[in-house]
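Q: I'd like to go over a predicted model; first the sequence, then the structure.
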Amino acid sequence: MNLAFLLPAALAALATALLPLLIHLARRSEQRPTLFAALQWLRQKPKPRHRIRFDEWVLLALRVALVCLFALLLARPVLFGAQSDAPFVAVAPGVDVAKAQQVDVAKGARWHWLAPGFPALSKAPAASDVSVMSWLRELDAALPADVALTVIVPEQLDGVDAQVPKLSRRVAWRVVPGARGSVAAPQRGAVPALAVRYAPQRADAVRYMRAAMRAWQAKVEDIGPATQPLARGTRQLAWLSPGAVPVDELAWARDGGMLLLDSQASVANAPPMVPLWRDASGVTLVEGAAFGKGRVLRFTSPLAPAEMPVLLDGAFPRELRAVLVSPGPAPSRVFASMHAPTTGALSAPPAPRDLQPWLLWLIGLVFAIERWFATAARRGVST
């Protein structure tokens with residue numbers, strides 16, 4: 001273990017340790033001689049050589065120690081090489097602890113969860129949305145380079161990154177029976193569950209939306225006038241009505257709904273939109289933006305063949321569905337046996353242990369002892 005200081009210039013404050021000594025000597029010189037008339041005729045004897053003598057040297061030493069400790073605190077001491085070099089076993093959440101403990105590992109190994117804070121195996125791991133591979137990379141960077149690492153994972157891993165992790169050390173990758181459950185990801189090209197609300201002057205536009213929904217093989221056609229309330233659980237709405245959008249529909253969209261607007265519909269304080277769908281000539285057909293927890297989209301032209309010729313194209317239902325359905329996430333479940341980490345990453349420098357918390361405790365202890373001695377010394381003088 002090596003001791004180092006992050007701010008070594010602060011060690012110059014150790015010179016202030018002379019202050020308690022100087023104050024102690026200055027208080028001893030406060031005594032003044034008093035002359036008596038009857039003694040002035042006596043023969044003067046040579047004065048004995050003055051010898052420095054410290055009174056209450058324990059109290060003085062405590063005060064000097066306090067000053068020195070404060071100077072060390074300012075220098076921010078750290079300790080390198082204080083981390084344990086015992087083998088480390090990281091268990092991924094979801095692994096049966098009993099099965100994990102049957103894995104053959106080195107004697108004296110430390111068992112921890114591959115979770116936030118890397119708690120001991122005897123404690124429950126904290127829930128986290130961060131990928132297990134991210135915690136593995138952090139653990140690899142935190143451990144000293146010569147510590148052997150064993151990782152125990154289930155047969156299937158959820159929430160993995162797009163690539164096999166690369167670490168700075170060779171890892172003993174152990175797979176035990178058992179798989180984690182996860183929520184199925186939405187499939188690309190899913191059928192939109194679109195509801196349509198329209199004004200009387202947009203009745204002709206509804207047939208194009210109905211034709212697209214039938215091409216999607218939608219199970220339910222929720223089409224009605226603008227005055228018809230939305231069915232419970234509706235997540236997508238085509239609002240084909242010019243003018244201001246009602247407050248209820250806007251609140252529904254902010255709460256997570258997707259609102260597809262007529263080209264002449266208006267939204268107060270609408271966010272700036274970006275093109276989402278262009279035709280072959282580059283003309284924007286649909287634009288959109290995030291809107292609270294949901295999305296707001298808008299046709300740039302009325303739904304009429306004269307204004308939007310793509311309505312008569314057989315690709316219209318497919319292109320509209322691509323706009324309405326958000327792309328699903330990349331696959332995040334893999335077989336653990338095929339996702340073992342590789343080596344080649346640069347090893348991080350060892351993290352030093354900060355000694356400031358220990359110094360603060362020591363300063364508090366020395367100060368309490370100094371106060372106790374100072375109070376006892378005053379009581380002794382008063383008596």
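A: Nice, I can see it.

Q: same for whichever strand or helix holds A322, what does it pack against?
A: Taking DSSP states H and E as the criterion, A322 maps to helix 316-324. On a contact count with 3 or more Cβ pairs under 8 Å, 6 or more residues apart in numbering; DSSP states H and E, helix 316-324 meets helix 203-215, strand 274-278, strand 284-291. C-beta: built from backbone N, CA, C; applies to glycine.

Q: Buried residues in the helix or strand that the first one is followed by, which are they?
A: Right, the one you point to is helix 203-215. Using DSSP H and E, the next helix or strand after helix 203-215 towards the C-terminus is strand 222-225. Buried residues in strand 222-225, counted by 16 or more other Cβ atoms under 10 Å: D222, I223.

Q: now for strand 222-225, which elements pack on it?
A: Strand 222-225 packs on strand 194-198, helix 203-215, going by 3+ Cβ pairs under 8 Å, 6+ apart.

Q: Could you look up the SS state of E249?
A: helix (DSSP: H, G, I helix; E, B strand; the rest coil).

Q: pLDDT value on it, please?
A: With respect to pLDDT, E249 scores 92.

Q: Isn't it up against A238?
A: No. Using Cβ atoms under 8 Å as the test, E249 is too far from A238 to be in contact (11.1 Å).

Q: Between the two, which is the more surrounded one?
A: For E249 versus A238, the count of surrounding residues by other Cβ atoms under 10 Å is larger for A238: 28 against 20.

Q: Can you give me the pLDDT of that one?
A: pLDDT, A238: 94.

Q: Ends of stretch 89-101, what's the gap?
A: 10 Å (Cα to Cα, to the nearest Å).

Q: For V196, give the beta-bridge partners.
A: I223, A238 (DSSP bridges).

Q: which outside residues touch stretch 294-314?
A: 202, 204-205, 208-209, 240, 252-265, 267, 270-271, 273, 276, 279, 283-289, 316, 319, 323-324 (Cβ atoms under 8 Å, 6 or more residues apart in numbering).

Q: ok, then the element right after the least confident helix or strand in the chain by mean pLDDT?
A: Every helix and strand of the chain was ranked by mean pLDDT, DSSP states H and E. The lowest is helix 18-28, at a mean of 72. As assigned by DSSP H and E, the chain's next helix or strand after helix 18-28 is helix 57-75.

Q: After that next one, which helix or strand is next? Please name it.
A: Heading C-terminal from helix 57-75, the first helix or strand you meet, by DSSP H and E, is strand 77-80.
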